[in-house]
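[1] What follows is a predicted structure for the sequence shown.
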Amino acid sequence: MEKKLPNTDRKIIHIDMDAFFASVEQLDKPEFRGKPLAVGGSKERGVVAAASYEARKYGVRSAMPSKTAYQKCPHIIFTPPRFERYKEVSNVIRSIFLEYTDLVEPLSLDEAFLDVTENKKGIPSATLIAKAIRKQIFEKTGLTASAGISINKFLAKIASDYQKPNGITLIGPEKAISFLEKLEVDKFFGVGKVTAKKMHALGIHTGYDLKQWTKEALKVKFGKAGSFYYDIVRGHDYRPVNPNRIRKSLGAENTFDQDLVEIEDMKMALDPILQTVHKRLEKADTFGKTLTLKIKFKDFSQITRSVTQTENIVSSETLKQLTFNLLELVNWENFPEGVRLLGVTCSNFEQDEAEENVKKTGYQLTIDF
């Protein structure tokens, strides 16, 4: 049984702002402080883009329909997103990162990886750097951040989530193996709710349970992702921190508890997915010309349908109309009855526009949903 990891000379930090959008709103508007707050649309078919920690106590989460948020917390306050303001604050935070290293890989406006193995200040301890960064962020913005420190990106990401909010966690190479073996699979970065549910059904509840499976067996159950799960539970992640990485597409998808059969039910299920995609496009300030609809059936077979416009798909209404058109063009008689997953992806971004946005803001696109 392996007790420690190979390749332990890197020092990686993952910084994740705490409830960033909601915290900025509470910072700017004192009347929101200490109250359950949701950033997003409050209409019947709106969706929560972000929730304050006060709202999370009631079970309100991002990507949740506004109607559900009201049911969980009737006195919740909704406020529309202000992405320009979030970018302004995020620029301040990014400037702090760059005081320590140029190897900064933003994942979105509110989180980033930093490689501080070699840093501008010559500080040998990554933990001291993380503490200094969190202190500067609070002093300059009034906001708190959580930090994770480890020897690779996967472990650093898990560490930053471990003591949120306003926490700092170090997973050293000597403790990584035991930490991962005890960790519930639900908390593994890259394991979503549906996958976790499937793992539980297979008797996989912790990293230790997952580790008992061979790579081949995991691939049979989870496809290509099986290799990923096999590696991460052993703490193997050799991806570099890449400050220039640009996503070629942006999308969101959802797997349903019950298979969908009627077109109208599929349209209703697509609505929060589309709102999430549009908010992320706005957040990245990048729009594409190609829209792709992904449909996975109950037997796990899947199809995609795409359409390309001459102009960028900017408005939420255009995004919705194009998606619904693709849905209606499917010849359903040729496929199994029952849809278990729907997804929407935007691509074909203007390359010069995408590169310019990264140069100006350092932001790349994120597809978590």
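    Thanks, I have it.

[2] Between the two ends of stretch 41-50, how far is it?
    11 Å (C-alpha to C-alpha, to the nearest Å).

[3] With stretch 33-46 instead?
    End-to-end for stretch 33-46, by C-alpha to C-alpha: 23 Å.

[4] Show residues contacting it.
    Outside stretch 33-46, the residues that touch it by C-beta atoms under 8 Å, 6 or more residues apart in numbering are 21-22, 25-26, 47-52, 54-55, 57-58, 60, 65-67, 69, 73, 75-81, 271, 275, 279. The way it works is simple: take the backbone N, C-alpha and C, and place the C-beta from them, glycine included.

[5] for the lengthiest helix in the chain, packing partners?
    Secondary structure of the chain per DSSP state H: the longest helix is helix 263-284. Applying 3 or more C-beta pairs under 8 Å, 6 or more residues apart in numbering; DSSP states H and E, we find helix 263-284 packed against helix 83-98, strand 249-260, helix 316-328, strand 339-349.

[6] again, only this time at 6 Å
    In terms of contacts (3 or more C-beta pairs under 6 Å, 6 or more residues apart in numbering; DSSP states H and E), helix 263-284 is packed against strand 249-260, helix 316-328, strand 339-349.

[7] quick one: pLDDT of the residue located most distally from the centre of the chain?
    Most distant residue from the mean C-alpha position of the chain: Glu333, 35.3 Å away (C-alpha atoms, centre = their mean). Here the pLDDT value assigned to Glu333 is 86.

[8] that older thread, what angle sits between the longest helix of the chain and strand 339-349?
    Computed by axes from the mean of the first three to the mean of the last three C-alpha atoms, to 10 degrees, the angle separating helix 263-284 from strand 339-349 equals 30 degrees.

[9] Buried residues of helix 263-284, list them for me.
    Within helix 263-284, the residues that count as buried by 16 or more other C-beta atoms under 10 Å are 266-267, 270-281, 283-284.

[10] What helices and strands are in contact with the next helix or strand after that helix?
    Going down the chain from helix 263-284, the next helix or strand is strand 288-297, by DSSP states H and E. With contacts taken as 3+ C-beta pairs under 6 Å, 6+ apart, strand 288-297 sits against strand 302-308, helix 316-328, strand 339-349.

[11] Which among the contacts of stretch 33-46 count as buried?
    Buried residues within these, counting neighbours by 16+ other C-beta under 10 Å: 21-22, 25-26, 47-52, 54-55, 58, 60, 65-66, 69, 73, 76-79, 81, 271, 275, 279.

[12] Now, those that are in strands?
    Among the buried ones among the contacts of stretch 33-46, the ones falling in strands (DSSP state E) are 48-51, 77-79.

[13] pLDDT below threshold where in the stretch 151-300 of the chain?
    Low-confidence segments of the stretch 151-300 of the chain, defined by pLDDT under 70: 245-247.
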